[in-house]
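Enquirer: what shape does this take:
(2 chains)
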Amino acid sequence: MKAHRGNSMSKLLISVSLLASFATALWAGQAGAQTADARTPTPAANDVEAQVAAEMAAIQSQSAGGGYASDPIGHRRLDLYGFADFSYQRLLGDSAAVTPSTSTFAIGNLNLYMASELGDEWRSLVEVRFMYLPNGGQTNPSLVGPTTDTTVFDNNDFGRPVQWGGIHIERAWLERTFHKLLTVRVGHWLTPYGIWNVDHGSPVVIGVGRPFIVGEELFPASQTGIEVYGTTDINNLQLGYHLTLSNGRGPSPTTADLDNNKAIGGRLFLRHESAFGTLSVGTAFYRGQYTNKHVELGVDGKGATTTVTVTDSQYDELSLSADLKWQWRGLLVQGEVIENDVAYTPSGRTVSVLAGAPAFNSDYRRWGAYGLAGYRFAFLGAMPYAGVGYYKEGSSSWIPKLWDFWLGLNLRPTPRVVLKLQYTFVHFYLDSPTPDAKMLTAQTAWSF
Amino acid sequence: MPLLAAAAGCTYDPNQRCDENQALSSDGRQCICVPGAAMTAHGCTLCGANEIPGNGICDCAPGYSRPMPSAACQAAPAALGLACDTASAPCTDPAYTTCHVTSGTTGYCTSAGCTTSSDCSGGYACDTTTPPTFCKRPPVGAGQACQSNAECAGTEATYCDLTVSHQCLVQGCTVTPDNCFSGTVCCDLSKFGVAQPICVPPGTCPI
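Expert: Okay, here's the model as predicted:
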């Protein structure tokens, strides 16, 4: 019998610590609010600017204006901003068939941010992505089978067909800053790890998309729960931390935790500025349990109707990452390494979908890394760039591993508009020989 | 320190990627049941004496049968349960001369004229519901793990219980007289939406 591995005591300690921090912070906040209310309201603090900028670096840091109008007492009511991207992609030569396999124009992202400064260091941010999906999307993860058709006939337009789309809530949180070392955020937030998970807007990403491993969710992209973070400065060195407590992953993690095992995580980073530019390094971890279960109606031994809880899938996971970013004049060098370990519980191991005799998915480790280098010239804000990535998927995947290489040009003619052209080469390691994928992608991304 | 402690705790053991009664496949990507173990919903169950791995359950090895669905497999006389055909392949063993028809003219060899199940061997039970009485074999497929009726098709237990046991159960029984196999009772669950009465373990029928 395999021992079920875990570190419940440590997780309990962290959970208690986080909750205590949150409770203390709320208490302190209440006290602080009472004090602040007795004062004349102050103008919006610079920290607020910094926070908003951190949330949407592409929009804020590159914006010439960059400011928002404040009301007479300095409290922002509601700031609306966002980003979008439009792409053209085509496969080259005898490329492997990747989706889409035909040359295609597409709107990829249309994200809207709704930020509000609520006064006395309280802030809120909601980000939604407007999608044409589910129309045209597939529900089968192997991307086979018919696509979803959302066509309905509009009663108000002579029954003419219209295809409806959806909304993906990327994040929705409320936070309060008590000290530079302590901000408490509650709600649905992006997991603080790496470079491009939180700053994920198309205009800020150098390539036509984030590196493959970032999108593979070796860490959950977002979580629902409590996040505590802060920074401190020591001369030219900034140190920062994040601690998180959340529902962890699950079939519906934003609304329900199907186990009593809260996920914990954290990130430490430092940023150093010198004559040799800005160097940032960070590391993060995440530990949680995924549970998918459902309840069925049954009959007990005494003939009474009862309910039975059936576990469909359950596993423990640990994710680790490290990232580095160096900016010196126009030069940008960055990279990330991310790992994710998965171990099924005895009652939660799932049946493998791989071909062959019936079998179960094994515990697995997946990891990947990428490196990117580019140089931004003043002329048109042009940045030629190149990158390489490697990804070793878990054993239960159809694609055991792959590596890719990309080469492109990123133009920023204005702070809010980015034009990109990229060649991507992907080599797959499959059970059967498979052609490499070769793609040419052009994209324009803009913030508004 | 708690953070470091939590992060340092191992979740994944590369030398132990499967559970009990499982082994890593040759390509190192899947967990398969060890020889002699049956694959169930989430794990592998090691089969006992006189059992062989079946579809989600340990079946009796050839020549063995269970007196009741949960009982151990017992040796059955060689001629007992042999396939027969009243038109072309009669039962020739003098101890089991009755060809009990299950479909058309085909069936299995057994004995007739029993009074109680103690008159039967090999896990068979005396069926006294219709004359002449005979030693009835355990229903084929009963107790087999399932996720849908399709997995029970072709057996004598064609109803997949998706609420409690996730096993194939015999359906179409009569409550009076109760013609379920020994160790089960006929239960009418029509008010729960189950179309036909099913054979369930004693004490589990709510009606």
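
Enquirer: just the CA coordinates of stretch A:253-262, formatted as PDB?
Expert: C-alpha atoms of stretch A:253-262 as PDB (Å, rounded to 0.1, in the frame of the first residue of the first chain):
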ATOM      1  CA  PRO A 253     -12.900  26.100  -7.900                       C
ATOM      2  CA  THR A 254     -14.400  29.600  -7.900                       C
ATOM      3  CA  THR A 255     -17.600  28.500  -6.200                       C
ATOM      4  CA  ALA A 256     -16.900  25.300  -4.300                       C
ATOM      5  CA  ASP A 257     -14.000  23.300  -2.800                       C
ATOM      6  CA  LEU A 258     -14.900  19.700  -3.000                       C
ATOM      7  CA  ASP A 259     -12.400  18.600  -0.300                       C
ATOM      8  CA  ASN A 260     -11.400  20.100   3.000                       C
ATOM      9  CA  ASN A 261      -7.800  20.400   1.900                       C
ATOM     10  CA  LYS A 262      -7.100  24.000   1.200                       C
END
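
Enquirer: give me the low-pLDDT residue ranges for chain A?
Expert: Residues of chain A that meet the criterion pLDDT under 70 lie in A:1-76, A:95-100, A:141-144, A:299-303, A:354-357, A:396, A:398, A:431-432.

Enquirer: how about the helices in it?
Expert: Applying DSSP state H to chain A gives helices spanning A:8-37, A:46-55, A:57-61, A:212-215.

Enquirer: check chain B too.
Expert: For chain B, applying DSSP H gives helices covering B:2-8.

Enquirer: could you list the low-pLDDT ranges of chain B?
Expert: Low-confidence segments of chain B (pLDDT under 70): B:1-9, B:67-69, B:163-166, B:201-204, B:206-207.

Enquirer: just give the closest residue to the residue of the stretch 201-350 of chain A found nearest chain B, not the sequence neighbours.
Expert: In the stretch 201-350 of chain A, the residue that lies nearest chain B is residue A:341 (3.4 Å; Cβ to the nearest Cβ). Every residue, glycine included, has its C-beta placed from N, CA and C. The shortest distance from residue A:341 to any non-neighbouring residue, by Cβ to Cβ, 6 or more residues apart in numbering or on different chains, is to residue B:12 (3.4 Å).

Enquirer: ok, residue B:38 next?
Expert: The spatial neighbour of residue B:38 that comes closest, neighbours along the chain excluded (Cβ to Cβ, 6+ apart), is residue B:53 at 4.0 Å.

Enquirer: near that neighbour, how many other residues are there?
Expert: Burial of residue B:53 is recorded as 19 neighbouring residues (other Cβ atoms under 10 Å in any protein chain shown).

Enquirer: now do the same contact list for it.
Expert: Shown in contact with residue B:53 (Cβ atoms under 8 Å, 6 or more residues apart in numbering or on different chains): B:33, B:36, B:37, B:38, B:39, B:47, B:59.

Enquirer: how about stretch B:108-127: buried residues?
Expert: Neighbour-count burial for stretch B:108-127, with 16 or more other Cβ atoms under 10 Å in any protein chain shown as criterion, is recorded at B:108-111, B:114, B:117, B:120-127.

Enquirer: what about these, which are in strands?
Expert: Those of these mapping onto strands are B:108, B:109, B:110, B:125, B:126, B:127, per DSSP state E.

Enquirer: and which of these is nearest to chain A?
Expert: residue B:125 (22.5 Å).

Enquirer: just give me the neighbour total for the residue lying closest to the closest one once chain neighbours are set aside.
Expert: Nearest non-adjacent residue to residue B:125, counting by Cβ to Cβ, 6+ apart: residue B:182, 3.5 Å away. Neighbours of residue B:182 under the rule other Cβ under 10 Å: 18.

Enquirer: please report the distance of residue B:182 from residue B:128.
Expert: Residue B:182 sits 11 Å away from residue B:128, going by Cβ to Cβ, to the nearest Å.

Enquirer: how far away is residue B:37 from residue A:151?
Expert: From residue B:37 across to residue A:151, the span is 50 Å (Cβ to Cβ).

Enquirer: looking at the two, which is more packed in?
Expert: residue B:37 (19 against 10).

Enquirer: so residue A:180 sits against residue A:239, correct?
Expert: No: using Cβ atoms under 8 Å, residue A:180 makes no contact with residue A:239, being 11.0 Å away.

Enquirer: got any residues that touch both of those two?
Expert: Among the neighbours of residue A:180, those also in contact with residue A:239 (Cβ under 8 Å, 6+ apart) are A:231, A:232.

Enquirer: of the buried residues of stretch B:108-127, closest to residue B:16?
Expert: residue B:123 (38.6 Å; Cβ to Cβ).

Enquirer: got the contact list for that closest one?
Expert: Residue B:123 makes contacts with B:64, B:65, B:66, B:67, B:68, B:71, B:73, B:74, B:76, B:137, B:138, as judged by Cβ under 8 Å, 6+ apart.

Enquirer: what about 6 Å?
Expert: Residue B:123 makes contacts with B:65, B:66, B:67, B:74, B:138, as judged by Cβ atoms under 6 Å, 6 or more residues apart in numbering or on different chains.

Enquirer: again, but for residue A:410
Expert: Applying Cβ under 6 Å, 6+ apart, the residues contacting residue A:410 are A:206, A:383, A:420.

Enquirer: possible to save the residues you listed as JSON lines with distance to chain B?
Expert: Formatted as JSON lines, the contacts of residue A:410 follow (distance: Cβ to the nearest Cβ, whole Å):
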{"residue": "A:206", "distance to chain B": "30"}
{"residue": "A:383", "distance to chain B": "35"}
{"residue": "A:420", "distance to chain B": "36"}
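
Enquirer: would JSON lines of these with neighbour count and distance to residue B:192 be doable?
Expert: What follows is those, written out as JSON lines (neighbours: other Cβ atoms under 10 Å in any protein chain shown; distance: Cβ to Cβ, whole Å):
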{"residue": "A:206", "neighbour count": "22", "distance to residue B:192": "60"}
{"residue": "A:383", "neighbour count": "20", "distance to residue B:192": "66"}
{"residue": "A:420", "neighbour count": "25", "distance to residue B:192": "60"}
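
Enquirer: let's have the residues you listed in CSV, adding distance to residue A:254.
Expert: Listed next are the contacts of residue A:410 as CSV, based on distance: Cβ to Cβ, whole Å:
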residue, distance to residue A:254
A:206, 30
A:383, 36
A:420, 32
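
Enquirer: which of those residues fall in strands?
Expert: Judged by DSSP E, strands contain the following of these: A:383, A:420.

Enquirer: among the contacts of residue A:410, which one sits closest to residue A:86?
Expert: Nearest to residue A:86 out of the contacts of residue A:410 is residue A:420 (Cβ to Cβ; 10.8 Å).

Enquirer: mind listing what the residue lying closest to that closest one once chain neighbours are set aside touches?
Expert: Among residues not flanking residue A:420 along the chain, residue A:443 sits closest, at 4.5 Å (Cβ to Cβ, 6+ apart). Contacts for residue A:443 (Cβ under 6 Å, 6+ apart) come out as A:85, A:87, A:208, A:420.

Enquirer: and the contacts of residue B:53, which of them are in strands?
Expert: Short answer: these in strands (DSSP E) are B:33, B:37, B:38, B:39, B:59.

Enquirer: grab the nearest non-local neighbour of the last one.
Expert: If the residues on either side of it in the chain are set aside, residue B:59 comes closest to residue B:52, at 5.6 Å by Cβ to Cβ, 6+ apart.

Enquirer: what do you get for the first one?
Expert: Counting by Cβ to Cβ, 6+ apart, residue B:44 is the residue found nearest to residue B:33 once chain neighbours are left out, at 3.7 Å.
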